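Colleague: below are the sequence and a predicted model for it; my questions follow.
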Amino acid sequence: MSETTSRVSVNVKNVEDLKSRMKSVTAADPDQYHNSFSLERYLRAFKTVDAAFQAILKTNEWRKEYQVQSLTVNNPIIKKYLEGNKARILHHRDVNGRPIIYIPVKNHNVNDRDIEELTKFVVYCLEEACKRCFEEVIDNLCIVFDLKGFRITCMDYQMIKNLIWLSNKHYPERLGVCLVLNAPTVFHTCWPVIRRWLDENTSRKIKFVDDSNSLATYLVPDALPENM
């Protein structure tokens, strides 16, 4: 997706076909997750009705098994990671109206984390940010990795893999733009490894931002917190 808010259109017949298939899913589970905007995202990501429908079924099963609805601010794991300033959903939006997930990478240490807990916290952040989308206008997110204070112990390849997997399989087409701020020289030795895990569409959404003028292209000046 480009940096604008416009959506890539999907075939109307495919949307109607997918809605028809979803009737049986909705009848069996009235609280199931997907609305018409979600169906269109799955079609854009998985291309065919068959592939999109199968992907939706897998997401529904994953959400139940992973107990996504239990990942709230009252969950002890979520509370711990919020108190540790691992990430925040910001009050501000980006210049295109996207909700912002802000991640101060300096607060992360690969040697002092539980990957299962951290992945649950990432799911919580994705869920909360998605809830703040005005889907009629824009249904994707801005994720900001702030690398100020980055050390090599902050680099967590497994967590990056988990985030990519979640984005591809269960939050398709939710990423609008990913900003990488204040990247030090040492991070540029890590980036080629990460880059190989990304498809071309996702890779185009990664933007390295090194100065305030460039940042203003994406965010209002006072959007980022100063106390994390």
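Modeller: Received, thanks.

Colleague: look up phi and psi at the spatially closest residue to Ala87 that is not a sequence neighbour.
Modeller: Leaving out its chain neighbours, the residue that sits closest to Ala87 by CB to CB, 6 or more residues apart in numbering is Ile103, at 4.6 Å. The C-beta positions use only the backbone N, C-alpha and C, and glycine is treated the same way. Backbone geometry at Ile103, expressed as degrees, to the nearest 10, gives phi -120, psi 110.

Colleague: show me what contacts Ile103?
Modeller: 86-87, 143-146 (CB atoms under 8 Å, 6 or more residues apart in numbering).

Colleague: and which of those is nearest to Thr59?
Modeller: Nearest to Thr59 among those, counting by CB to CB, is Ile143 at 19.5 Å.

Colleague: could you double-check that that closest one sits in contact with Arg174?
Modeller: No. Counting by CB atoms under 8 Å, Ile143 sits too far from Arg174 to count as a contact (9.5 Å).

Colleague: ok, those two, which is more surrounded?
Modeller: Ile143 (26 against 20; other CB atoms under 10 Å).

Colleague: so for that one, what's the pLDDT?
Modeller: Per-residue confidence (pLDDT) for Ile143: 98.

Colleague: secondary structure class for it?
Modeller: On the three-state scheme (DSSP: H, G, I helix; E, B strand; the rest coil), Ile143 is labelled strand.

Colleague: from Ile101, how far out is it?
Modeller: 5 Å (CB to CB, to the nearest Å).

Colleague: do Cys125 as well
Modeller: Note on Cys125: its distance to Ile101, by CB to CB, is 5 Å.

Colleague: one more: Asn109?
Modeller: Applying CB to CB to Asn109 and Ile101 gives a distance of 20 Å.
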